[in-house]
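S.K.: please work out how this folds:
(one chain, ligands or ions: 2)
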Amino acid sequence: MQIVRITEARLPTPWTEFIMVGFEEIKTKCNHIALLHGNIEENTSILTRIHSECLTGDALFSLRCDCGFQLQAALSSIAHESCGVLIYHRQEGRNIGLLNKIRAYALQDQGVDTVEANYQLGFAADERDFTVCAEILSLLKIKSIRLLTNNPDKVNMLSSAGINITERVPLIVGRNPNNAKYLDTKAEKMGHMLSTLNK
Ligand SMILES: Nc1nc2c(ncn2[C@@H]2O[C@H](COP(=O)(O)OP(=O)(O)OP(=O)(O)O)[C@@H](O)[C@H]2O)c(=O)[nH]1
Ligand SMILES: [Zn+2]
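M.R.: Ligands and ions are numbered 1, 2, ... in the order given. Okay, the predicted model is just below:
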């Protein structure tokens, strides 16, 4: 185990009152959060969102991406189920970090796409590691999940990390003129399943 469950408290939101559980990685001291709704231990195929940190989209209302819209839609969907969980995975910018994401945005402002920008900065297109998410689910005694995502690679990466995914549930929200090219690149170069979007 590389992660420890530290503390928990109530988190009332516009959708429901979650139990917020805080975790800490032993080596790095990096922390992550899980929001729990309902009796997750007694059920299987729990509706789950593993949400990668995006400070700009999640907290600052950025229209460059779809993250903030996905976060709200996921919390709403989970609240409508008898139980569900959202893991807020603190690997900002597909794990290149906030400042490198801003560097990547600067390159995108000059015309390169999100994948090429990562390459130009010396990173892979996606630097995330989902091992810690598998450990959080294990600590929460969650056996299997229905995963809210449009990214088939994410399903594969999470399965490789040991997570039992019984179904992929689409989460297509938030397209706007500012993120249209970004979403198209995710569909074309990263295989995201966004085809029901109105272009
Ligand atoms: N490196 C980089 N990261 C970005 C960029 N735009 C958003 N992100 C980060 O991308 C992460 C979200 O990943 P996405 O590729 O949007 O989506 P996903 O999590 O793979 O798939 P979904 O489950 O469908 O949302 C967050 O950590 C964002 O901060 C960008 O242009 N460059
Ligand atoms: Zn984002």
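S.K.: so F23 makes contact with N31?
M.R.: Yes. With contact taken as C-beta atoms under 8 Å, F23 and N31 are classed as touching, separated by 6.4 Å. (Each C-beta comes from the backbone N, C-alpha and C, glycine too.)
S.K.: who touches both of these two?
M.R.: A shared contact of F23 and N31, defined by C-beta atoms under 8 Å, 6 or more residues apart in numbering, is any residue touching both; here these are I6.
S.K.: the more surrounded of those two?
M.R.: The residue with more neighbours, out of F23 and N31 and counting by other C-beta atoms under 10 Å, is F23; that gives 22 against 13.
S.K.: just how off-centre is the host helix or strand of that one within its chain?
M.R.: F23 belongs to strand 17-25 when elements are defined using DSSP states H and E. Taking C-alpha atoms, centre = their mean, to the nearest Å, the mean C-alpha location of strand 17-25 is offset from the chain mean by 15 Å.
S.K.: quick one: stretch 101-112 near ligand 1?
M.R.: Yes. Part of stretch 101-112 sits near ligand 1 under the criterion C-beta under 6 Å from any ligand atom, namely K101, A104.
S.K.: before we move on, back to that, give the buried residues for the strand holding F23.
M.R.: Judged by neighbour count (16 or more other C-beta atoms under 10 Å), strand 17-25 contains these buried residues: F18, M20, V21, F23, E24, E25.
S.K.: stretch 41-56 too?
M.R.: N43, I46, L47, T48, R49, I50, H51, S52, E53, C54, T56.
S.K.: the second one against G84, yeah?
M.R.: Yes. Under the contact definition of C-beta under 8 Å, I46 touches G84, with a separation of 5.9 Å.
S.K.: list residues touching both of these two?
M.R.: Overlap between the neighbourhoods of I46 and G84 consists of I40, taking contacts as C-beta under 8 Å, 6+ apart.
S.K.: helix or strand right after the strand holding F23?
M.R.: Scanning onward from strand 17-25 (DSSP H and E), the first element met is strand 31-37.
S.K.: what are the buried residues along that following strand?
M.R.: Of all the residues in strand 31-37, those buried under the rule 16+ other C-beta under 10 Å are H32, I33, A34, L35, L36, H37.
S.K.: same deal with stretch 97-113?
M.R.: Within stretch 97-113, the residues that qualify as buried by neighbour count (16+ other C-beta under 10 Å) are N100, K101, R103, A104, Y105, L107, Q108, V112, D113.
S.K.: so Y88 is in which element?
M.R.: Counting by DSSP H and E, Y88 is part of strand 84-89.
S.K.: quick check: mean pLDDT of the following helix or strand past that strand?
M.R.: Downstream of strand 84-89, the first helix or strand assigned by DSSP H and E is helix 92-95. Averaged across helix 92-95, the pLDDT comes to 98.
S.K.: got a list of what the most centrally placed residue in the chain touches?
M.R.: A centroid search over the chain (C-alpha atoms, centre = their mean) returns H51, at 1.8 Å, as the residue closest to the centre. The contact partners of H51, taken as C-beta under 8 Å, 6+ apart, are D58, C67, Q70, L71, A74, L86, I87, Y88, H89.
S.K.: many thanks, we can stop here.
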